[in-house]
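Trainee: Output the structure for:
(4 chains)
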Protein chains: 2
Amino acid sequence: MELIQTCCEPVLVEPIAAAEAEELAGGFKLLADPIRLRIISLIANSANGELCACDLPAVLGRSQPTVSHHLSLLTEAGLLSREKRGKWAWFRIDADRLGVLRDALSSP
Amino acid sequence: MELIQTCCEPVLVEPIAAAEAEELAGGFKLLADPIRLRIISLIANSANGELCACDLPAVLGRSQPTVSHHLSLLTEAGLLSREKRGKWAWFRIDADRLGVLRDALSSP
DNA sequence: AGTTAATATTGACGTACGTCAATATAACTG
DNA sequence: CAGTTATATTGACGTACGTCAATATTAACT
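Mentor: Down below sits the predicted model:
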């Protein structure tokens, strides 16, 4: 652990590394949008833990391309998983990925 | 709880309200920046649970105005508290505000 | 094959944000 | 009081992001 000389007293560098902060910030950035939060919440509170994308434009009041865009972001980041069944796309939550972010707030 | 008619089956509206999603998203937006995450981490891992702003530009590799800007954002949002002692500004973490965001991830 | 329906992709537009230089404010020091 | 130091504010710049219209893709159904 590296030491840095400051005006007051030495400070430990780094509690979290810059690279780790970058990755965590990327995760929180995905949670930093109300539409994406509502998507996650809708899935989490859905009957079977999964939700059809077809419902979302009406529920969220956003266009189909916008909803699809958010779903893709969440899926590419691993926060959701996508399963195509026929014409429909069903999404589930990846609890582990969400847990990483929650744990980061437990001992920042 | 309102019902909405969709192509598949009725869906409960809303697990979280749009307004609540807006507020939570605002909180996560503050965590969605690596510099701000490192500030929080540095304070959390500091000796007395508080940190002098004077240390941060050197540690974080950002200009003084940039660091001050981030500290102001976090303070105005209630995630940090600021105490001016003489020339120096000392910052602490408001655990409750962070807890709200962590809890939101426990039952999204 | 042709049609319809659900989803994905592309391109464009406006806004929000991180950053720094320059300047202002506030507080200690000689 | 003049000078110095820590912090805050202002203004400007480039980039990233949320959004939608238009289009493409994929799958079901006649």
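
Trainee: burial count for A:Pro20?
Mentor: One thing to correct before we go on: residue A:20 is Glu, not Pro. The number of residues packed near A:Glu20 is 16, by other Cβ atoms under 10 Å in any protein chain shown. For the C-beta atoms, the positions are set from N, CA and C on the backbone; glycine is no exception.

Trainee: now swap in A:Pro57 and tell me
Mentor: Count around A:Pro57 with other Cβ under 10 Å applied: 16.

Trainee: okay, it: pLDDT?
Mentor: pLDDT for A:Pro57: 97.

Trainee: residue contacts, it?
Mentor: Counting by Cβ atoms under 8 Å, 6 or more residues apart in numbering or on different chains, A:Pro57 touches A:Ser63, A:Gln64, A:Thr66, A:Val67.

Trainee: repeat for A:Thr66
Mentor: Contacts of A:Thr66 by Cβ under 8 Å, 6+ apart are A:Ile35, A:Pro57.

Trainee: so does the helix or strand hosting it get close to DNA strand C?
Mentor: Applying DSSP states H and E as the criterion places A:Thr66 in helix A:64-76. Yes: Helix A:64-76 lies within reach of DNA strand C by Cβ under 7 Å from any atom of the strand, at A:Gln64, A:Pro65, A:Ser68, A:His69, A:Leu71, A:Ser72.

Trainee: Out of these, which are close to DNA strand D?
Mentor: Within these, those near DNA strand D by Cβ under 7 Å from any atom of the strand are A:Gln64, A:Pro65, A:His69.
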